[in-house]
Structures are given as structure tokens and as C-alpha cells.
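Enquirer: here is a sequence together with a model predicted from it:
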Amino acid sequence: MDQTQYTELTRRKFVGVVGSALAVLGLTKTSIVRADKVRPAPRKQARRILRLAHMTDIHVQPERWADKGLTACLRHIQDLKDRPSLILTGGDTVMDSFGQDEQRTSTQWNLYRSILKSECSVPVRSCIGNHDVWGWNRKDSKTTGDEPLWGKKRAVHELNIPDRFYSFDQAGWHFIMLDATSSDGRDGYVARLDDEQFDWLSRDLARTPVSSPVLVVSHEPILSAAAFFDGDNEESGDWKVPAAWMCIDARRLKDLFKDHPNVKLCLSGHLHLVDRVDYCGVSYICDGAVCAGWWKGDYQECDEGYGLIDLYDDGSFAHQYVSFDWTPMPEPEKKT
Ligand SMILES: [Zn+2]
């Protein structure tokens, strides 16, 4: 926007622009409504009906003591005095299978499943992240694409989920687990819902009663302010958010959610940063990373941690990012 455009703005438009900008920055929950549309104050006596933990970007691997880190996180969650009764995992469960061969991929998934089996007694529901997709980089993974569990089939199998995207109901809320990793037509990916999944999502929301608040989980954020802090804008002279970082089809998702005011909360990971954007009645939370900086310590302002979320019967929620106080440790000495 330049000076001429600025002076041509009416005050009304100006307020709208400032309001939108603040909403994107997550600084305000304010929206501009006509006087006759002002809603009554929310009920004061909302009842909490579910506490859940959201663990995203675990990136488990045999190195950097990631197995102990994951164990520490699961113990921290289950040792809380007010213990969650559901764990959602938000993708990038393994360090990487996108460009890894069969053996390396198996090692990582076996590690994850054995830790979960021995350390977790809370029900877990998972979504798929880009690093959980096996072999899309055929060259690096040495795959042909004809392997029975190639691509997302492997993650569906290892995570024991009904499909690459699905929904379920619990405690009066409706949960939608999305798969926002789409092929870029080469050996990479972009963040967006394929059309088949978008149509399913539209139908799933249409058949969900308005009385059921909706929580959406995707690995890549649908909308995020932190996405702006992962680039080199001052060097390039422009703000650019790559299509692999935040859903490139955020506009049509935002428009779909506007038709369904019971969509309250969208959780994501992927950026290893924590933020919250309130936009058009939906809260978008990017929920850090269990592994923070890939088990090497903090990543920017993000510690090793998980989201702790309380859901209420009136569709409201409370969120906090909880650090489990993990200290990164040096690699164990290799035996010669
Ligand atoms: Zn990711």
C-alpha cells in the first residue's frame, strides 16, 4: 500500500484494515459488527468436557536421544495432576521417511511404536505429516512407487488410523483429522487439501450438527503468523511464505469455515513455532514441536513442548503450550 492509496481510504475501510492486520498478528479477538448483530456475552458457566494434549513434530529417530525425549514428553503429559484423556499427534512423527529407504524408515517407525506401547496409556489419534510420507522422493528413498506401503499407506498403517483423513466424535466435539500434504507433481510436496479431500470435508461439515463444536487438525498450518518468521524477508526484500509451509488453499478453507460457525479451532504444527491467529471466528493455533529444533535444542522462541487444550461444552477452549523441560544431550560415543 502506498501513500496515495492510504489517503483514499475511508475511515471505515481503515478500521477494517487495521482490524484484519491485528487479527492476523493474533493481537486481538475483536471483530467489527453492526450494532444489531452484537452477540450476547458468552455463558459464564461453561463446563469443561475434555482435556487433551496435542503432540506435533515428534521427529523420532535413533539419534540425538530422541527416544528418551519422546518418553519424557509422554511421561510429562501422563504425570499431570489433571491428566488429559486424549492425545492428538499432529504429524512428522518420524524424523523423515520422505527420502529414506525401507530400512531407515522401518527403524524409525518401530522405535515410535515401541515407545508408544510401553509409555502411553492414553488413547491416541493421529494425523500424517510430510515427513511421514514414505518415498515421495524416489531417488533418495531408492523406491519405485510400487512398494505396497509406498507413500501415505505406510503412515496410515504405522499410525493405525482409519484413512489418511478421517473424523470422529468425542465428548460432544467433532474432530477432523486432515492430510494437508499434497504432491507438487515432482518429488516434493505443497501444503493443500486435494480436491477429493476438500469435497469430503465439505460433506463432513454439512452433516455435523451445528450444536457440535468442531476441532480440525492438520500438520501444515491453514493460517499462521509464525510462517512469516521462517524466511529471509529482509534479505530478499519481500515477505514470502512458500507453498510447503502454509496451506496454499487457505482462502477456500476459510470460506468453507465461514459457512460452519461451529468450526472453532484448527491445530497444526510443521513450523516448530507457536502462534495463534483468530480470524473470522476460528482460532488457528500452530502448536510448536515436541522436538523443538529437531532434538538439538530450542528453535527460535520454541521449546520442546506440547499443546494442552481444554474443551468446553459451549464451544470455547483454553490452550497453553507446555514445555517438558528437556535438555538436549550430545550424541552417545560411537563404539569403535
Ligand atoms: Zn512438517
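Expert: Nice, I can see it.

Enquirer: so which residues of the stretch 201-336 of the chain form helices?
Expert: Along the stretch 201-336 of the chain, the stretches classed as helices by DSSP state H, counting those that start in this stretch are 233-236, 250-258.

Enquirer: nearest to the ion, out of those?
Expert: Ranking those by proximity to the ion (CB to the ion) places helix 250-258 first, at 16.4 Å. Backbone N, C-alpha and C define where each C-beta goes, glycine included.

Enquirer: now that closest one: average pLDDT?
Expert: Averaged across helix 250-258, the pLDDT comes to 98.

Enquirer: mind giving me the packing neighbours of it?
Expert: Secondary structure elements in contact with helix 250-258, counted by 3 or more CB pairs under 8 Å, 6 or more residues apart in numbering; DSSP states H and E, are helix 195-206.

Enquirer: winner for burial among the helices of the stretch 201-336 of the chain?
Expert: Of these, the one with the most neighbours on average (mean count of other CB atoms under 10 Å) is helix 250-258, at a mean of 16.

Enquirer: got the contact list for it?
Expert: Helix 250-258 has contacts (CB atoms under 8 Å, 6 or more residues apart in numbering) with 193, 198, 201-202, 205, 222-223, 247, 263, 279-282.

Enquirer: any idea of the angle it forms with helix 195-206?
Expert: For helix 250-258 against helix 195-206, the angle by axes from the mean of the first three to the mean of the last three CA atoms, to 10 degrees is 20 degrees.

Enquirer: hang on, the earlier thing: the helices of the stretch 201-336 of the chain: which one's closest to residue 95?
Expert: helix 250-258 (27.2 Å; CB to CB).

Enquirer: can you dump the C-alpha coordinates of that closest one into CSV?
Expert: What follows is helix 250-258, C-alpha atoms only, in CSV (Å, rounded to 0.1, in the frame of the first residue of the first chain):
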residue,chain,number,x,y,z
ALA,A,250,-6.3,-21.3,2.9
ARG,A,251,-8.7,-19.0,1.2
ARG,A,252,-11.2,-21.7,0.2
LEU,A,253,-10.9,-23.3,3.7
LYS,A,254,-11.5,-20.0,5.4
ASP,A,255,-14.6,-19.5,3.2
LEU,A,256,-15.8,-23.0,3.9
PHE,A,257,-15.4,-22.5,7.7
LYS,A,258,-17.5,-19.2,7.4
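
Enquirer: now residue 121: closest residue in space that isn't a chain neighbour?
Expert: Distances taken as CB to CB, 6 or more residues apart in numbering place residue 78 nearest to residue 121, at 6.8 Å, with adjacent residues excluded.

Enquirer: are we agreed that the one you found is in a helix?
Expert: Yes. Under DSSP: H, G, I helix; E, B strand; the rest coil, residue 78 falls within a helix.

Enquirer: what does the pLDDT read for it?
Expert: 98.

Enquirer: next up, the contacts around it.
Expert: Listed by CB under 8 Å, 6+ apart, the contact set of residue 78 reads 120, 121, 122.

Enquirer: try residue 315
Expert: 213, 262, 264.

Enquirer: which among those residues gets closest to residue 170?
Expert: Nearest to residue 170 among the contacts of residue 315: residue 213, at 11.4 Å, using CB to CB.

Enquirer: give me the pLDDT for the closest one.
Expert: Per-residue pLDDT puts residue 213 at 98.

Enquirer: so what's the residue count around it?
Expert: Using other CB atoms under 10 Å, the number of residues around residue 213 comes to 22.

Enquirer: could you find the closest non-adjacent residue to the residue in the stretch 201-336 of the chain positioned nearest to the ion?
Expert: Proximity of the stretch 201-336 of the chain to the ion (CB to the ion) peaks at residue 270, 3.9 Å away. Of all residues not flanking residue 270 in the chain, residue 220 sits nearest, at 4.8 Å (CB to CB, 6+ apart).
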